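Undergrad: After the sequence you'll find the predicted model.
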Protein chains: 2
Amino acid sequence: MIKFAQRLENTSEYYFSKKLREVKAMNEQGQKVLNLGVGSPDLSPPELVFSAFTQAMAKPKAFQYQSYLGIDELRESVASFYQKTYQVNLESTSEILPLMGSKEGIMLVSMAFLNPGDEVLIPQPGYPTYQAVTQLLEAQPKFYSLSEDLDWHPDLEEIRKMDLSKVKMMWINYPNMPTGAKANRKKLQALIDFALANNIILVNDNPYSMILTEDYFSIFQLKNASKIALELNSLSKSFNLAGCRVGFLTGNSLFIDAVLKVKTNMDSGMFYPIQKVAAQVLQLEENWFKQLNITYQKRRELIWEIADELNLTYLKNTVGLFVWAKVSAGQKASAVANELLYEAQVFVTPGKVFGDLNDEFLRFSLCVDKKQITEALRRIKQINVKHENL
Amino acid sequence: MIKFAQRLENTSEYYFSKKLREVKAMNEQGQKVLNLGVGSPDLSPPELVFSAFTQAMAKPKAFQYQSYLGIDELRESVASFYQKTYQVNLESTSEILPLMGSKEGIMLVSMAFLNPGDEVLIPQPGYPTYQAVTQLLEAQPKFYSLSEDLDWHPDLEEIRKMDLSKVKMMWINYPNMPTGAKANRKKLQALIDFALANNIILVNDNPYSMILTEDYFSIFQLKNASKIALELNSLSKSFNLAGCRVGFLTGNSLFIDAVLKVKTNMDSGMFYPIQKVAAQVLQLEENWFKQLNITYQKRRELIWEIADELNLTYLKNTVGLFVWAKVSAGQKASAVANELLYEAQVFVTPGKVFGDLNDEFLRFSLCVDKKQITEALRRIKQINVKHENL
């Protein structure tokens, strides 16, 4: 009998991979499930993407291996995007590493810094991949709670009380997913100081910085951040290019070099046309984001109606692609999610997927068009009427 | 001071990544280095790729996240390619996993099976990534030698004498890189039996099966292979799509499931247009390979002239994208490679990159057009004349 690696014992298939197979099966049985669960941008990418792709494909070396470092034009474009958007200066030759999406980056960064047995501070609620990758490397997740009371920011007092002697790295993610919390610069500056004092690498996973906000945040806006922090960024949400797998890592050149060392041994450079497209869309005028956010704003208002219909509470002053809404006292969010899926054929993500231990929250995605959200609202009203009549 | 992971201590930047930066710098200084070192196919991909890409991009979900499993059409196309090419039956829903290139697959497979401390049989000479990935996971490389005497196949007698108690996995690669050796089915059948008897996963890395041969080999042509083997395959070399990052893993569904579990936690599905293109080119008629191989055959004859000029010895009955040639007794291949680079501005890979411990071999790539090979030949003749005149 062949035994698999121990790391698989703590690792289940990624939640959405499994759940979406169930949804697919329901659809194949003729049920029309409305998917409000997944943050996969459904809007079209910028128009220039199509012509940029076609032009890039025609280049003589378009289909050949690319450098691990990415093409100069892409790294320069990232540098100018950081300057223009976040007022952050980065050295394009040494402080930027293009990646196949920021999910890949979570593994690369973890491999560069973590030994088996090292501990990693991971937010709850938070993106499940932080935990999964940590466990794949046989490092130990050490969860810290985010709570409403602190605007979903780390409770530094709480964290200082923990045994930090084995903690090597800390994941944060502002603007925050799933809660939609905006970055609070004062609180995060205190976190930088804490990380420096305790020699803990702070990694900000930052794919939502352009969505439903005009206050664009990067960790490198904070003092001394470059000494201790890395930032993952992505074109998936900002430019509706999730399927292209393109993102990048930014940080000081020593850290970037270590990650590059891992990367060169694991994969290859990105497809040239994807790099060219990425370089070009990063130079789009701000109007691109304004238009995008008008659409998301309208959708969000409709999702709020659904939340009202379900008697959920939520904050309006949030950022990013999701509505994070709380069920009434005594209700279980996962039970509500199941009811919505099996009675109304509406797929919504239960917050506990993100480590919401009290099972109090639901996450609604804004990556669904108005027509479908309206239909979801109609179905939910219908089951509410049915329940009232029982 | 932030310490990097221990795994980086054994890991250097991938040889070609570093060396190609040196070549780039030489070129920037105005030297026109002819690159005969790298196996990056320079020929155009099949013509249909361009229209297939453009059509796929126009689909509504072209830029959205894709399933980890790959689209059905791609998995079915791989199954029919295996049937048609290798006469091997695979179940498209469970025995095939599309990947972002087979290099990515080396990491995914290793993560699925290796614990820190496990040992891995790795060929010398062989692709450096087997060793690098093994060390990144803190497993132990255990090298086995390939020698000319055994047609560059594993010496099972030698291997049986080793302490195999901790060996979990074994890498093989037939058709072989760098030596160009064809798969010897009888010898490899004995290896399957050995792997089964010793409970060692056998992974055949098989990107060169279509190049300069008409005897297409897959490990699954051998008896009982599906019980103990996995096979990585790639479109990089067969269809000149190296830059697209597309390949696949084949094997029994239990093994594939384990690798999928790793994959869903590390990355995402491939870009939809790349999957569509891959599905379509896999269905090309055999004539595609015939034409491709006519070109490589002509180039190889010219490389043989270079080898003759350098007094190297080599086999003619080989497969794949390289000529593997031996220096004269008393010469060091790496010294010859340096001389070629610095005196003739011709970059050739010293065999020791692949673990050729005696430093006896050079590897020439066929991914260079006739004009450049002819120019390399001219330059090499010139330095030979110069040396004779000294």
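TA: Thanks, I have it.
Undergrad: Do a quick rundown of the strands in the stretch 1-150 of chain A.
TA: Taking DSSP state E, counting those that start in this stretch as the test, the strands found in the stretch 1-150 of chain A are A:34-35, A:96-99, A:119-124, A:140-145.
Undergrad: Return the set of buried residues in the helix or strand following the last one.
TA: Beyond strand A:140-145 in the direction of the C-terminus, DSSP states H and E gives the next helix or strand as helix A:156-160. By 16 or more other C-beta atoms under 10 Å in any protein chain shown, the buried positions in helix A:156-160 come out as A:Ile159. For glycine as for every other residue, the C-beta is placed from the backbone atoms N, C-alpha and C.
Undergrad: Packing partners of the helix or strand just after helix A:156-160?
TA: Later in the chain than helix A:156-160, the nearest helix or strand by DSSP H and E is strand A:167-172. Using 3 or more C-beta pairs under 8 Å, 6 or more residues apart in numbering or on different chains; DSSP states H and E, the elements in contact with strand A:167-172 are helix A:101-113, strand A:119-124, helix A:185-198, strand A:201-205.
Undergrad: What strands flank strand A:167-172, and is each parallel or antiparallel?
TA: If you go by DSSP bridges, strand A:167-172 pairs up with strand A:119-124 (parallel), strand A:201-205 (parallel).
Undergrad: Dump the helix of greatest length in chain A to CSV, keeping only the CA atoms.
TA: Criterion DSSP state H: the longest helix present in chain A is helix A:287-309. The C-alpha coordinates for helix A:287-309 follow below in CSV (Å, rounded to 0.1, in the frame of the first residue of the first chain):
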residue,chain,number,x,y,z
ASN,A,287,-12.3,55.8,-14.9
TRP,A,288,-12.0,52.1,-15.4
PHE,A,289,-12.5,51.6,-11.6
LYS,A,290,-15.2,54.2,-11.4
GLN,A,291,-17.3,52.4,-13.9
LEU,A,292,-16.6,49.0,-12.4
ASN,A,293,-17.6,50.3,-9.0
ILE,A,294,-20.9,51.8,-10.2
THR,A,295,-21.9,48.3,-11.3
TYR,A,296,-20.9,46.7,-8.0
GLN,A,297,-22.6,49.5,-6.0
LYS,A,298,-25.9,48.8,-7.8
ARG,A,299,-25.6,45.1,-7.2
ARG,A,300,-24.7,45.6,-3.6
GLU,A,301,-27.9,47.6,-3.0
LEU,A,302,-29.8,44.6,-4.3
ILE,A,303,-27.9,42.2,-2.1
TRP,A,304,-28.7,44.4,0.8
GLU,A,305,-32.4,43.9,0.0
ILE,A,306,-31.9,40.2,0.1
ALA,A,307,-30.1,40.6,3.5
ASP,A,308,-33.0,42.7,4.7
GLU,A,309,-35.5,40.1,3.5
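Undergrad: What ranges in the stretch 1-150 of chain A fall below the confidence cut-off?
TA: For the stretch 1-150 of chain A, the stretches with pLDDT under 70 are A:10-15, A:17.
Undergrad: from the middle of its chain, how far away would stretch A:137-149 be?
TA: Relative to its chain's centre, stretch A:137-149 lies at 16 Å (C-alpha atoms, centre = their mean, to the nearest Å).
Undergrad: First-to-last residue distance for that stretch?
TA: Across stretch A:137-149, the terminal residues are separated by 33 Å (C-alpha to C-alpha, to the nearest Å).
Undergrad: do it and chain B meet at all?
TA: Yes: contact of stretch A:137-149 with chain B (C-beta under 8 Å from any C-beta of the partner chain) involves A:Glu138.
Undergrad: Tell me which residues of that stretch come out buried.
TA: Per 16+ other C-beta under 10 Å, stretch A:137-149 contains these buried residues: A:137-146.
Undergrad: Can you give the contact residues for it?
TA: With C-beta atoms under 8 Å, 6 or more residues apart in numbering or on different chains as the test, stretch A:137-149 has contacts from A:6-7, A:110-111, A:114-126, A:130-131, A:134-135, A:152-155, A:158-159, A:162, A:166-168, A:176, A:179, A:181, A:355, B:116.
Undergrad: again, 7 Å this time
TA: A:7, A:110-111, A:114, A:116-125, A:131, A:134-135, A:152-155, A:158-159, A:162, A:167, A:179, A:355 (C-beta atoms under 7 Å, 6 or more residues apart in numbering or on different chains).
Undergrad: got the residues of the stretch 51-200 of chain A near chain B?
TA: The stretch 51-200 of chain A comes close to chain B at residues A:53-54, A:57, A:62-66, A:68, A:100-101, A:103-104, A:107, A:111-116, A:129, A:132-133, A:136, A:199, as judged by C-beta under 7 Å from any C-beta of the partner chain.
Undergrad: pLDDT averaged over stretch A:340-351, what's the number?
TA: Average pLDDT, stretch A:340-351: 94.
Undergrad: pLDDT below threshold where in the stretch 201-350 of chain A?
TA: Counting by pLDDT under 70, the stretch 201-350 of chain A contains no low-confidence residues.
Undergrad: picking up where we left off before, of the strands paired with strand A:167-172, flag the one that's most buried.
TA: Counting by mean count of other C-beta atoms under 10 Å in any protein chain shown, strand A:201-205 has the highest mean neighbour count of the strands paired with strand A:167-172, with a mean of 26.
Undergrad: Chain neighbours aside, what residue packs nearest to A:Lys166?
TA: Leaving aside its chain neighbours, A:Lys166 sits nearest to A:Glu119 (4.3 Å; criterion: C-beta to C-beta, 6 or more residues apart in numbering or on different chains).
Undergrad: Count the residues that sit near A:Glu294.
TA: Not Glu; residue A:294 is Ile. For A:Ile294, the count of nearby residues is 10 (other C-beta atoms under 10 Å in any protein chain shown).
Undergrad: actually A:Pro207, sorry about that
TA: So A:Pro207, with other C-beta under 10 Å, has 25 neighbours.
Undergrad: Strands along the stretch 201-350 of chain A, start to end?
TA: In the stretch 201-350 of chain A, the strands defined using DSSP E, counting those that start in this stretch lie at A:201-205, A:229-234, A:247-251, A:313-314, A:322-326, A:346-347, A:349-350.
Undergrad: related to what we said a few turns ago, possible to save the strands of the stretch 1-150 of chain A as JSON lines with distance to A:Asn293?
TA: What follows is the strands of the stretch 1-150 of chain A, written out as JSON lines (distance: least, C-beta to C-beta, whole Å):
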{"stretch": "strand A:34-35", "distance to A:Asn293": "22"}
{"stretch": "strand A:96-99", "distance to A:Asn293": "25"}
{"stretch": "strand A:119-124", "distance to A:Asn293": "25"}
{"stretch": "strand A:140-145", "distance to A:Asn293": "30"}
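Undergrad: just so I know, which of the ones you listed lies nearest A:Met1?
TA: Evaluated over these, closeness to A:Met1 peaks at strand A:140-145, with 28.3 Å, by C-beta to C-beta.
Undergrad: And A:Asn358, how far from A:Val133?
TA: 25 Å (C-beta to C-beta, to the nearest Å).
Undergrad: higher neighbour count, these two?
TA: Between A:Asn358 and A:Val133, counted using other C-beta under 10 Å, the more crowded position is A:Val133 (26 against 11).
Undergrad: Mind listing residues that contact stretch A:227-237?
TA: Residues external to stretch A:227-237 that are found in contact with it (C-beta under 7 Å, 6+ apart): A:41, A:101-102, A:105, A:109, A:192, A:195-196, A:201-208, A:211, A:218-220, A:241-242, A:246-251, A:255, A:278, A:281, A:321.
Undergrad: related to what we said a few turns ago, and the gap between the residue nearest to A:Lys166 and A:Asp356?
TA: 22 Å.
Undergrad: same thing with A:Thr264?
TA: Taking C-beta to C-beta as the measure, A:Thr264 falls 38 Å from A:Asp356.
Undergrad: what does A:Asn338 give?
TA: 15 Å.
Undergrad: So those two - more neighbours on which side?
TA: Legend: neighbour count by other C-beta under 10 Å for A:Asn338 and A:Asp356, higher for A:Asp356 (24 against 13).
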